[in-house]
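J.: Predicted model and sequence follow; I will ask about them next.
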Amino acid sequence: MNSEDIVAIVALVVYAVWAVLAFGLRSFLQWRRTGDTGFRGAGLDKGSVQWWARVLFTGALLIGAAGPIAALAGLPAITVLDHGAIQAVGLALAAAGVVATLAAQTSMGASWRIGVQDGERTELVTGGAFALARNPIFTAMIATAAGLAAMVPNAVALAGLVLTVAAIEMQVRAVEEPYLLRVHGDAYAAYAARIGRFLPGLGRLPLADPSVRR
């Protein structure tokens, strides 16, 4: 077994651990705590924005696993990215992304959910990781996907990273932000004007920005 195969196996293990902990275990713990798994969006209207975001995100998850598998099957890495230092940075970033995903989910407490459901009102979480960014879970997911793509930088893994970013951007900008503004009104508007979207200070919304009031 060569070093490329070992890195691909490690990437696949990291991906599997992240998926099990961030979705399976977290959903189970939420159910044990509240009687609710936290999953939203059942019966979405086909073709709606949230439906498309869900389709893109599901595809991104599948391709995320396919990247390391493709590497094991012999798909070559993109030459300019095929360096041990990049792979090492990728492993560190992916591992940090897994930990950050779990930490940010914990910050949400009983308000944790996947997707939104019109008419539901949960607490507006602004503490913990959410004091640094409005969407720290998504930030951590992007970091994990970027780290995995750096570990096995082939065309499939990079496509998975692009799809992950596209799905998250659609979910946040077109679904989450309008929903939170409808539900929490001025409280969310003030929070969004103070805290960045994915990173501290970046993507803050002007208080008078009408685009999120859709």
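T.: Structure received. Numbering: from 1, shown residues only.
J.: after the lowest-mean-pLDDT helix or strand in the chain comes which helix or strand?
T.: Using mean pLDDT, DSSP states H and E, the weakest-scoring helix or strand in the chain turns out to be helix 26-34, at a mean of 85. The helix or strand immediately downstream of helix 26-34 is helix 49-72, counting by DSSP states H and E.
J.: for whichever helix or strand comes after that next one, packing partners?
T.: Going down the chain from helix 49-72, the next helix or strand is helix 84-108, by DSSP H and E. For helix 84-108, the packing partners by 3 or more C-beta pairs under 8 Å, 6 or more residues apart in numbering; DSSP states H and E come out as helix 3-19, helix 136-151. Every C-beta, even on glycine, is put in place using the N, C-alpha and C of the backbone.
J.: any idea how far the closest residue to A95 other than its chain neighbours lies from L148?
T.: In space, and not counting its chain neighbours, A95 is closest to V14: 6.6 Å by C-beta to C-beta, 6 or more residues apart in numbering. Using C-beta to C-beta, to the nearest Å, one obtains 7 Å as the distance from V14 to L148.
J.: Those two: who's more crowded?
T.: Taking other C-beta atoms under 10 Å, V14 and L148 do not tie; L148 has more neighbours (29 against 21).
J.: on that earlier part again, so who does the residue nearest to A95 touch?
T.: Residues in contact with V14 (C-beta atoms under 8 Å, 6 or more residues apart in numbering) are L91, A94, A95, V98, T144, G147, L148, M151.
J.: ok, so of these, who is nearest A71?
T.: Closest approach to A71 among the contacts of V14 (C-beta to C-beta): M151, at 8.6 Å.
J.: Was I right to think that closest one contacts G97?
T.: No: with contact defined as C-beta atoms under 8 Å, M151 does not count as touching G97 (11.7 Å).
J.: Neighbour count for those two, which is higher?
T.: Using other C-beta under 10 Å as the criterion, M151 and G97 rank with M151 on top: 28 against 23.
J.: show me what contacts that one?
T.: Here M151 is in contact with V7, A8, V10, A11, V14, P68, Q87, G90, L91, A94, A157 (C-beta under 8 Å, 6+ apart).
J.: Include pLDDT and distance to L124 when you put those residues into a markdown table, please.
T.: Listed next are these as a markdown table, based on pLDDT from 0 to 100; distance: C-beta to C-beta, whole Å:
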| residue | pLDDT | distance to L124 |
| --- | --- | --- |
| V7 | 94 | 41 |
| A8 | 94 | 41 |
| V10 | 96 | 38 |
| A11 | 95 | 36 |
| V14 | 95 | 32 |
| P68 | 95 | 37 |
| Q87 | 96 | 40 |
| G90 | 97 | 34 |
| L91 | 97 | 35 |
| A94 | 97 | 30 |
| A157 | 95 | 35 |
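J.: before we move on, back to that, and the contacts of V14, which two are furthest apart?
T.: Maximum pairwise distance among the contacts of V14 (C-beta to C-beta): 12.8 Å, between V98 and M151.
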